[in-house]
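Undergrad: Here you go, sequence then predicted model.
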Amino acid sequence: MARYLARRIFYLALTLFLIASITFFLMKLMPGTPLNNQAKLTPQQIKVIYEHYGLNKPVWQQYVSYILDAAHGNFGLSFQFSDQPVSYLISSRIGPSMQLGGQAMVVGVVVGIVVGSLSAIRKNTWIDGTSTFISILGISIPSFVLAILLQYYLGLKLQLFPIADWGGFSYTVLPTLALAASPFAETSRFVRTEMVDVLGSDYIELARAKGLSRMGIVWHHALRNSLIPLVTVIGPLTAAIMTGSMVVENIFSVPGIGEQFVKSILVNDYPTIMGVTLLYSALLCAILLLTDLVYGIIDPRIRITGKGE
């Protein structure tokens, strides 16, 4: 177990290093300049600005400095946002993003489990057909399109929730629903497929022969065994939430990391772009590692050992 964990952490660090390196050089290849109104600046002013941010150094020196600083949590200064440290910009905005992501995952996964279970129990009925149709819509409609529809109908027409901005819990409802659609659809279809297979297993027939009630069979046997493989898709679902939140936060004017990331791209703020990219990558790698560890713990058929790896 210790050897496996050490090897996975090493690969995680190597992955982040490669992402940081690739992102750094991609920033150098981006068209445009991080300077505002460069045409109005004198050559001396441009020289002073470049020296301030270290852009006058050779690329390899900039790269080495960036990697060493990033390893210590220092992502440099923002070019466009009041010359603030990127680490401060991220830390001040991570709260709303984590709240929306957590709410969306909980709502999407829990409701998806319930709907998928009902769909499997009532296989080939109108309940199954309706849940399948809703799941297809959830997968097909992008989160930013759903966000605009929710704004128009629930926010503008019915005035049930605030259209945008950030305040109390009511401001989180619409963006949470927009982000929860994808994990709900994926979870619903996954649980439905797994539970249909489980309900046709021999041990389920044995449980029926012993006289267990239908709900007892579903709760104690079918649902529990159907949820074990669901752990493997939590990582990809989380990745979908993270990438979808970038645009959704911008639509709802949520002061989160996603909105910051979009604004940074529009103004060529290289340090902020690279810092947010590394943060998203680190979170995703950590979630995937945690998923593998949890799956090995909850499934008695799988044991993570040094010999197995």
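TA: Alright, I've got the coordinates.

Undergrad: since we're on residue 61, how many residues are nearby?
TA: Other residues near residue 61 come to 11 when the count uses other CB atoms under 10 Å. No exception for glycine: its C-beta is placed from N, CA and C like everyone else's.

Undergrad: go on, residue 42?
TA: Residues near residue 42, counting by other CB under 10 Å, number 8.

Undergrad: Tell me the pLDDT of it.
TA: We have a pLDDT of 73 for residue 42.

Undergrad: tell me which element residue 87 is part of?
TA: Using DSSP states H and E, residue 87 sits in helix 86-121.

Undergrad: Please apply the same query to residue 162.
TA: Short version: residue 162 belongs to no helix or strand, going by DSSP H and E.

Undergrad: List the contacts of the closest residue to it other than its chain neighbours.
TA: Nearest residue to residue 162, sequence neighbours excluded (CB to CB, 6 or more residues apart in numbering): residue 171, at 5.0 Å. The contact partners of residue 171, taken as CB atoms under 8 Å, 6 or more residues apart in numbering, are 161-162, 165, 252.

Undergrad: Assumed residue 171 was part of a helix.
TA: Yes. With DSSP: H, G, I helix; E, B strand; the rest coil as the criterion, residue 171 is part of a helix.

Undergrad: and it, how far is that from residue 247?
TA: 17 Å (CB to CB, to the nearest Å).

Undergrad: Now for the residue positioned nearest the centre of the chain: which residues touch it?
TA: Centroid-nearest residue in the chain: residue 242, 2.5 Å away (criterion: CA atoms, centre = their mean). Residue 242 makes contact with 101, 280, 283-284, according to CB under 8 Å, 6+ apart.

Undergrad: Give me the subset of those that lies in helices.
TA: 101, 280, 283-284 (DSSP state H).

Undergrad: List just the nearest of the residues you listed to residue 90.
TA: residue 280 (10.4 Å; CB to CB).

Undergrad: What pLDDT does the model give the closest one?
TA: Residue 280 is assigned 84 on the pLDDT scale.

Undergrad: now the residue nearest to it when sequence neighbours are not counted: how far from residue 257?
TA: Of all residues not flanking residue 280 in the chain, residue 242 sits nearest, at 5.6 Å (CB to CB, 6+ apart). According to CB to CB, residue 242 and residue 257 sit 9 Å apart.

Undergrad: which neighbours do the two share?
TA: residue 280.

Undergrad: would you list every one of the helices in the stretch 201-309 of the chain?
TA: Ranges of helices in the stretch 201-309 of the chain, per DSSP state H, counting those that start in this stretch, are 202-209, 214-217, 223-227, 231-251, 257-266, 270-298.

Undergrad: and residue 86, which of those helices is closest to it?
TA: Going by CB to CB, the one of those nearest residue 86 is helix 270-298, 4.0 Å.

Undergrad: re the thing from before, turn the ones in helices among the contacts of residue 242 into CSV, including neighbour count.
TA: Below are the ones in helices among the contacts of residue 242 laid out as CSV (neighbours: other CB atoms under 10 Å):
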residue, neighbour count
101, 21
280, 20
283, 16
284, 18
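
Undergrad: Next, format those as JSON lines and append distance to residue 151.
TA: Below are these laid out as JSON lines (distance: CB to CB, whole Å):
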{"residue": "101", "distance to residue 151": "19"}
{"residue": "280", "distance to residue 151": "25"}
{"residue": "283", "distance to residue 151": "27"}
{"residue": "284", "distance to residue 151": "28"}
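
Undergrad: Out of these, which is nearest to residue 7?
TA: Nearest to residue 7 among those, with distances taken as CB to CB, is residue 284, at 18.4 Å.

Undergrad: per-residue confidence for residue 154?
TA: Residue 154 is assigned a pLDDT of 90 by the prediction.

Undergrad: now residue 39
TA: Per the predicted model, pLDDT is 65 at residue 39.

Undergrad: ok, residue 108 touching residue 184?
TA: Yes. The pair residue 108 / residue 184 is scored as a contact, 4.0 Å apart, by CB atoms under 8 Å.

Undergrad: follow-up on the earlier one: give the buried residues for the helix holding residue 87.
TA: Buried residues in helix 86-121, defined by neighbour count with 16 or more other CB atoms under 10 Å: 86-87, 89-90, 93-94, 96-97, 99-101, 103-105, 107-109, 112-113, 115-121.

Undergrad: for the helix or strand just after it, which positions count as buried?
TA: Sequence-wise, the next helix or strand downstream of helix 86-121 (DSSP H and E) is helix 126-140. Within helix 126-140, the residues that count as buried by 16+ other CB under 10 Å are 128, 131-132, 134-135, 138.

Undergrad: any low-confidence regions in the chain?
TA: Applying pLDDT under 70 to the chain flags the ranges 1, 32-41, 82, 243-244, 296-309.

Undergrad: swap the cut-off to 50 and go again
TA: Filtered on pLDDT under 50, the chain yields the residue ranges 304-309.
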